[in-house]
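Asks: Show me the folded form of this:
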Amino acid sequence: LPTDKPRPALQSFHGGLMVRPLPPGLWERLRKLSRREDTTLFMVALAAYETLLMRYTRQQDFAVGTPVANRGHIETEGLIGFFLNTLVLRADLRGRPSFQQLLDRVREVALGAYSHQDLPFEKVVEDLQPGRDPSRTPVFQVMFTLQSATRERGLQGARLSSMEVEVGTAKCDLTLLVRDDDEKPSIALNYCADLFEPATVARMLGHCERLLEGVAEDPGRCVWNIPLLTLAEEQQLREWNETALDYLRERTVVDCFEQQEAEHGAR
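Replies: Next up, the predicted model:
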């Protein structure tokens with residue numbers, strides 16, 4: 001990923017979190033898209049995230065990490081404990097696929113990964129023995145997660161509800177967190193503060209929302225052609241282009257005048 005600051009030699013895990021609410025109407029359209037394509041919202045959002053990363057990096061084959069509850073057996077559902085594991089999902093955007101074609105690839109990769117979710121991530125790293133770099137996490141440097149909304153509920157007279165927690169750490173360079181909530185859907189980026197400025201992260205979130213809108217509007221479009229710039233950025237680009245054209249017209253007039261002056265002086 002292009003970063004705002006040089007990567008430090010040693011990972012400090014200093015991080016931040018920025019949240020961007022999504023229009024409920026957009027979330028409902030994405031839900032309908034997932035049903036039409038026989039996928040899940042997780043797969044739709046992951047495919048959009050992979051598209052965003054590809055557009056930023058120009059890389060078409062990379063790895064994304066995602067946490068999994070690792071409770072695939074009914075016998076473990078009632079147990080209390082930390083069963084979380086990490087899966088590595090390969091993102092393959094080669095061949096200029098449409099978003100629908102990318103969804104097919106994402107579904108195949110995700111289902112294959114789920115069938116092997118009992119294999120500890122530490123074992124994967126141990127067997128692969130990737131080149132270790134203290135400035136990066138092994139195997140992948142970006143993560144994705146989708147969280148279902150926590151409903152307020154009562155418990156023996158007590159009322160439980162979710163609350164935002166200040167995040168000052170980041171395990172990876174960038175993690176996209178999607179909140180699946182019909183009333184208040186949102187996307188958030190947990191980012192490495194040693195690499196990214198808050199303004200850059202805010203711009204990334206704007207691009208991600210614009211990308212989701214393009215996906216919901218036309219999933220048959222090539223992933224390279226889905227709109228990425230926000231409406232404000234598109235307007236700014238038009239203004240810059242108009243300024244550039246005005247400058248070229250002015251220079252053309254000046255050049256013609258100078259040429260005429262030179263020809264007149266020669267005569």
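Asks: Please enumerate the strands of the stretch 151-267 of the chain.
Replies: Assigned by DSSP state E, counting those that start in this stretch, the strands in the stretch 151-267 of the chain fall at 153-155, 158-160, 174-180, 186-192.
Asks: Show me the shaky parts of the stretch 151-267 of the chain.
Replies: 151-155, 243-267 (pLDDT under 70).
Asks: surely residue 94 meets residue 61?
Replies: Yes: assessed by CB atoms under 8 Å, residue 94 is found in contact with residue 61 at 6.2 Å. Using the backbone N, CA and C atoms, a C-beta is placed for each residue, glycine as well.
Asks: Residue 227: neighbour count?
Replies: 16 (other CB atoms under 10 Å).
Asks: and it, how far is that from residue 188?
Replies: 21 Å (CB to CB, to the nearest Å).
Asks: Kindly report the same for residue 41.
Replies: 16 Å.
Asks: Looking at the two now, which is surrounded by more residues?
Replies: residue 188 (22 against 18).
Asks: partners of that one in the sheet?
Replies: Counting by DSSP bridges, residue 188 forms beta bridges with residue 19, residue 177.
Asks: and it, what is it in contact with?
Replies: Counting by CB atoms under 8 Å, 6 or more residues apart in numbering, residue 188 touches 17, 18, 19, 20, 176, 177, 178, 179, 205.
Asks: Pretty sure the second one sits against residue 191.
Replies: Yes: judged on CB under 8 Å, residue 18 makes contact with residue 191 at a distance of 7.3 Å.
Asks: the more surrounded of those two?
Replies: Applying other CB under 10 Å to residue 18 and residue 191 shows that residue 191 carries more neighbours, namely 27 against 16.
Asks: ok, for that one, nearest residue in space, not its chain neighbours?
Replies: Spatial nearest neighbour of residue 191, chain neighbours left out: residue 201 (5.0 Å); criterion: CB to CB, 6 or more residues apart in numbering.
Asks: Residue 139 - how many residues pack around it?
Replies: 14.
Asks: pretty sure it belongs to a strand, no?
Replies: No: applying DSSP: H, G, I helix; E, B strand; the rest coil, one finds residue 139 to be coil, outside a strand.
Asks: residue nearest the centroid of this structure?
Replies: residue 49 (3.4 Å; CA atoms, centre = their mean).
Asks: which residues does it contact?
Replies: Per CB under 8 Å, 6+ apart, neighbours of residue 49: 64, 144, 176, 208.
Asks: Is it in a helix, a strand, or coil?
Replies: Under three-state DSSP, residue 49 comes out as helix.
Asks: returning to what we had before: so which of the strands of the stretch 151-267 of the chain is nearest residue 54?
Replies: Among these, the nearest to residue 54 by CB to CB is strand 174-180 (13.5 Å).
Asks: Run the angle between the closest one and strand 186-192 for me.
Replies: Here strand 174-180 runs at an angle of 160 degrees relative to strand 186-192 (axes from the mean of the first three to the mean of the last three CA atoms, to 10 degrees).
Asks: Which strands or helices does strand 174-180 pack on?
Replies: helix 41-57, strand 142-148, strand 186-192 (3 or more CB pairs under 8 Å, 6 or more residues apart in numbering; DSSP states H and E).
Asks: which stretches of the stretch 1-150 of the chain have low pLDDT?
Replies: 71, 149-150.
Asks: which residues of it fall in helices?
Replies: 24-36, 41-57, 99-114, 121-128 (DSSP state H, counting those that start in this stretch).
Asks: Could you single out the most deeply buried of these?
Replies: Of all those, helix 41-57 has the most neighbours on average by mean count of other CB atoms under 10 Å, namely a mean of 22.
Asks: ok, and the closest non-adjacent residue to residue 9?
Replies: residue 135 (5.7 Å).
Asks: Pull the number of nearby residues for the one you found.
Replies: Neighbours around residue 135, by other CB under 10 Å: 13.
Asks: Return the distance of it relative to residue 197.
Replies: In terms of CB to CB, residue 135 sits 19 Å off from residue 197.
Asks: same deal with residue 85?
Replies: The gap separating residue 85 from residue 197 is 33 Å, by CB to CB.
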